[in-house]
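In: Make a model of this:
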Amino acid sequence: MTIQIPDDLVRGLEGIAAAQQKSVEQVALERLRSLFDRMSSPEVVLWAARGLPHPSAAAIDDLEAAIAAGRLPVRDQGAFDGRPPR
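Out: Numbers count the residues shown, from 1 in each chain. Below is the predicted model:
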């Protein structure tokens, strides 16, 4: 995978890497890992969800149609009230 990083961040990573006698890749990976180690599972899910594209209007229409098709009819009696179904 290739990630485009702004030049100012690259220079910062290069400085840190040189000071720690590590490669830029090692420093970047360590920093990313520490970010995920600090985040709880809900935070990671929220972070990932924020990166998803918004659904299109057509996708929302399809979802609503699928939900409507899966609905059960409403009954005015309970399943255990002793009367046979109509």
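
In: In this protein, what helix or strand scores lowest on average pLDDT?
Out: helix 41-50 (a mean of 75; mean pLDDT, DSSP states H and E).

In: other SSEs contacting that helix?
Out: Packed against helix 41-50, as judged by 3 or more Cβ pairs under 8 Å, 6 or more residues apart in numbering; DSSP states H and E, are no other helices or strands. Every C-beta, even on glycine, is put in place using the N, C-alpha and C of the backbone.

In: roughly how far out does that helix sit from the chain middle?
Out: Distance of helix 41-50 from its chain centroid, counting by Cα atoms, centre = their mean, to the nearest Å, is 5 Å.

In: The chain should start at 5 in everything you say after this.
Out: Will do, 5 is the new start, and the previous item becomes helix 45-54.

In: Beyond it, next helix or strand please.
Out: helix 61-73 (DSSP states H and E).

In: can you pull the alpha-carbon coordinates of that next one into PDB?
Out: The C-alpha trace of helix 61-73 is given here as PDB (Å, rounded to 0.1, in the frame of the first residue of the first chain):
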ATOM      1  CA  ALA A  61     -30.300   8.100  -2.400                       C
ATOM      2  CA  ALA A  62     -30.800   5.000  -4.500                       C
ATOM      3  CA  ALA A  63     -29.100   2.800  -1.800                       C
ATOM      4  CA  ILE A  64     -31.300   4.300   0.900                       C
ATOM      5  CA  ASP A  65     -34.400   3.600  -1.200                       C
ATOM      6  CA  ASP A  66     -33.300   0.000  -1.700                       C
ATOM      7  CA  LEU A  67     -32.700  -0.400   2.100                       C
ATOM      8  CA  GLU A  68     -36.100   1.100   3.000                       C
ATOM      9  CA  ALA A  69     -37.800  -1.200   0.400                       C
ATOM     10  CA  ALA A  70     -36.100  -4.200   1.900                       C
ATOM     11  CA  ILE A  71     -37.100  -3.300   5.400                       C
ATOM     12  CA  ALA A  72     -40.700  -2.800   4.300                       C
ATOM     13  CA  ALA A  73     -40.700  -6.100   2.500                       C
END
